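Engineer: build me a model:
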Amino acid sequence: MTTVRQNSSNAPAQEPPDDGSRGAWLLVAQREIVTRVMNKAFVIGLLVSLAVIALLAAFFTWQSTRVDTYTVAVAGSDATAVASATAAAELADAEGGSTELELLEVADDDAARAALSAGDADVWLHPGGDGWVLAGEGQPDSTVSRLVGTAVEQEVLAANAEAAGTTPAELSEGAALTTEALDPDAMGEDTLFFASFALSFLFFAGAIGSGMMIASSVVEEKQSRLVEIIATAVPLRQLLAGKIVGSSVIAAGQNLLFAAVGLAAVAVSPIAIALPALSTSLIWFVVFFTVGFLALAALYAVAGALASRSEDLQYTSTPMTMLVMGVYFLTFTASGSFLTVLSYVPVANVVAMPARVLSGDTSWWEPVVSLLILAAFAVLALLVSERAFRGALMQTGGRISWKQALRAEA
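Structural biologist: This is a model prediction of the structure:
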């Protein structure tokens, strides 16, 4: 069993009077910010993260504009196959998508198989059984199958209509299907999923990175006994406040940089039309994250105070890490009523509510109410953490539990 050694009288050291040190929290905050900004590992990590975001955005933009060309082999003696392949190519051009079809006429079936084997053709269209077969070395591309299938249906329908003494238009009368968007500004499902994932990632990166920063800072000062010197000049609650403010500024600034790079990438991408909605959602995310991180920073600071050595930090910070990971995985996969519930649950609403704002599934008052709930949670977390921080920081000799920290005389 680990023995916990306290400074004196089984209680934390008495705090110095606030007189003359009321602004100490600001000095602590400045020191935390400068130390982090001057840290080469942090700067390099930040630059690498920005580069990764930019490269990912460029990759997705390239993917959305890239055109894939497929060659359809048909026997030149089969007029229906030639007509179907030609019609499929025209359908692809009319859709204006990322798929183009080219026609390759070969002498016979053997030549078509040879073209597939040699890579000169991607698919081979030929009659088989009671219908048509689209063959490939592997499973044909789904878009190609859809285009060719539609073209074959049209050609066969035209042939059958002519044989019956009618026209395809008469046979298909009343079967036309059109699409309509009741809300033209509504976000597409793919865009919503990508945006929700991006918000979840921003939360995860900011919370874990800056949270562990404050925890490491606390335990390093405690392990080196430097905190005992600091405590003679700075009230512990101001020391905690300074560390929370400093780490919060770093976390918010980091997320603002990530968001700016992301919005710049969206502005030059095919989904640039979604930029206004994304901007509004990101503004709400920054506000929610700033409030929510105050609570997380306080909890991570306590995690550092509960540890006596750096090796203990992984154990004492596990609850916060699990909370952050839970929010990360739940929020970008949630939908419907579950997402609505999460948008009012601290700390999950940091991501869930901005995601709902992006989808247009909120009234004007919902983000305000959710933010007030988050703020109330942050105040409670700060009050409890401040007590635990002061009760644990000056105790040494081993890991300290939350229960011990809260019961210690402050």
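
Engineer: what's around Trp103, how many residues?
Structural biologist: No Trp there; residue 103 is Leu. Neighbour count of Leu103, defined by other Cβ atoms under 10 Å: 18. In short, each C-beta sits where N, CA and C put it, glycine included.

Engineer: excluding chain neighbours, what is closest to it?
Structural biologist: Nearest-residue entry for Leu103: Ala85, 4.9 Å, with adjacent residues in sequence omitted and distances by Cβ to Cβ, 6 or more residues apart in numbering.

Engineer: ok now the helix or strand in which the one you found is found, how far from the chain's centre?
Structural biologist: Ala85 belongs to helix 79-95 when assigned by DSSP states H and E. Here helix 79-95 is found 40 Å from its chain centre; the criterion is Cα atoms, centre = their mean, to the nearest Å.

Engineer: what helices or strands is that helix leaning on?
Structural biologist: Helix 79-95 is packed against strand 68-75, strand 99-106, strand 123-128, helix 142-163, with contacts defined by 3 or more Cβ pairs under 8 Å, 6 or more residues apart in numbering; DSSP states H and E.

Engineer: will you turn those into CSV that also has mean pLDDT and distance to Leu306?
Structural biologist: Listed next are the helices and strands packed on helix 79-95 as CSV, based on pLDDT from 0 to 100; distance: least, Cβ to Cβ, whole Å:
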stretch, mean pLDDT, distance to Leu306
strand 68-75, 89, 55
strand 99-106, 88, 58
strand 123-128, 88, 63
helix 142-163, 86, 54
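
Engineer: for Leu47, which of the ones you listed is the nearest?
Structural biologist: The minimum distance between Leu47 and the helices and strands packed on helix 79-95 falls on strand 68-75, with 33.9 Å, by Cβ to Cβ.

Engineer: can you show me the CA trace of the closest one as PDB?
Structural biologist: Taking Å, rounded to 0.1, in the frame of the first residue of the first chain, the C-alpha atoms of strand 68-75 are listed here in PDB:
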ATOM      1  CA  ASP A  68     -12.300   8.100 -63.700                       C
ATOM      2  CA  THR A  69     -12.300   6.700 -67.200                       C
ATOM      3  CA  TYR A  70     -13.500   3.200 -67.900                       C
ATOM      4  CA  THR A  71     -13.400   1.300 -71.200                       C
ATOM      5  CA  VAL A  72     -16.300  -0.900 -72.200                       C
ATOM      6  CA  ALA A  73     -15.500  -3.600 -74.700                       C
ATOM      7  CA  VAL A  74     -18.300  -4.900 -77.000                       C
ATOM      8  CA  ALA A  75     -18.300  -7.100 -80.100                       C
END
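
Engineer: buried ones in it?
Structural biologist: Neighbour-count burial for strand 68-75, counted by 16 or more other Cβ atoms under 10 Å, picks out 70-75.

Engineer: and the helices and strands packed on helix 79-95 as TSV, adding distance to Gln254?
Structural biologist: What follows is these, written out as TSV (distance: least, Cβ to Cβ, whole Å):
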stretch	distance to Gln254
strand 68-75	37
strand 99-106	40
strand 123-128	48
helix 142-163	40
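
Engineer: still on that earlier bit, any idea how far Trp132 is from the residue nearest to Leu103?
Structural biologist: With distances taken as Cβ to Cβ, to the nearest Å, Ala85 is found 11 Å from Trp132.

Engineer: cool, Leu27 as well?
Structural biologist: Leu27 is 78 Å from Trp132, by Cβ to Cβ.

Engineer: between these two, which is the more surrounded one?
Structural biologist: Trp132 (18 against 15).

Engineer: helices along the stretch 301-410 of the chain, start to end?
Structural biologist: 313-316, 318-333, 336-342, 349-359, 365-392, 402-407 (DSSP state H, counting those that start in this stretch).

Engineer: just name the most buried of those helices.
Structural biologist: Across these, averaging neighbours per residue (mean count of other Cβ atoms under 10 Å) puts helix 349-359 on top, at a mean of 27.

Engineer: spit out the contact partners of Val384.
Structural biologist: Residues in contact with Val384 (Cβ atoms under 8 Å, 6 or more residues apart in numbering) are Leu406.

Engineer: show the average pLDDT along stretch 365-375.
Structural biologist: Confidence for stretch 365-375, expressed as mean pLDDT, is 96.

Engineer: try stretch 321-331
Structural biologist: 91.

Engineer: in PDB, list the C-alpha atoms belonging to it.
Structural biologist: Backbone C-alpha positions of stretch 321-331 (Å, rounded to 0.1, in the frame of the first residue of the first chain) are rendered in PDB as follows:
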ATOM      1  CA  THR A 321      -9.000  10.700 -21.100                       C
ATOM      2  CA  MET A 322     -11.900   8.200 -21.200                       C
ATOM      3  CA  LEU A 323     -14.400  11.100 -21.100                       C
ATOM      4  CA  VAL A 324     -12.800  12.900 -24.000                       C
ATOM      5  CA  MET A 325     -12.500   9.700 -26.100                       C
ATOM      6  CA  GLY A 326     -16.200   8.900 -25.300                       C
ATOM      7  CA  VAL A 327     -17.300  12.300 -26.500                       C
ATOM      8  CA  TYR A 328     -15.100  11.900 -29.600                       C
ATOM      9  CA  PHE A 329     -16.500   8.500 -30.700                       C
ATOM     10  CA  LEU A 330     -20.100   9.200 -29.700                       C
ATOM     11  CA  THR A 331     -20.700  12.600 -31.300                       C
END
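
Engineer: other residues contacting it?
Structural biologist: 196, 199-201, 203-204, 207-208, 211, 296, 339, 342, 347-348, 350-352, 355.

Engineer: again, only this time at 10 Å
Structural biologist: 196-197, 199-208, 211-212, 215, 292, 296, 299-300, 303, 314, 317, 338-339, 342-343, 345-355 (Cβ atoms under 10 Å, 6 or more residues apart in numbering).

Engineer: for stretch 128-140, same thing?
Structural biologist: Contacts of stretch 128-140 (Cβ under 10 Å, 6+ apart): 70, 72-73, 80-81, 84, 88, 112-113, 116-117, 119, 121-127, 141, 144-146, 148-149, 152-153, 155-156.
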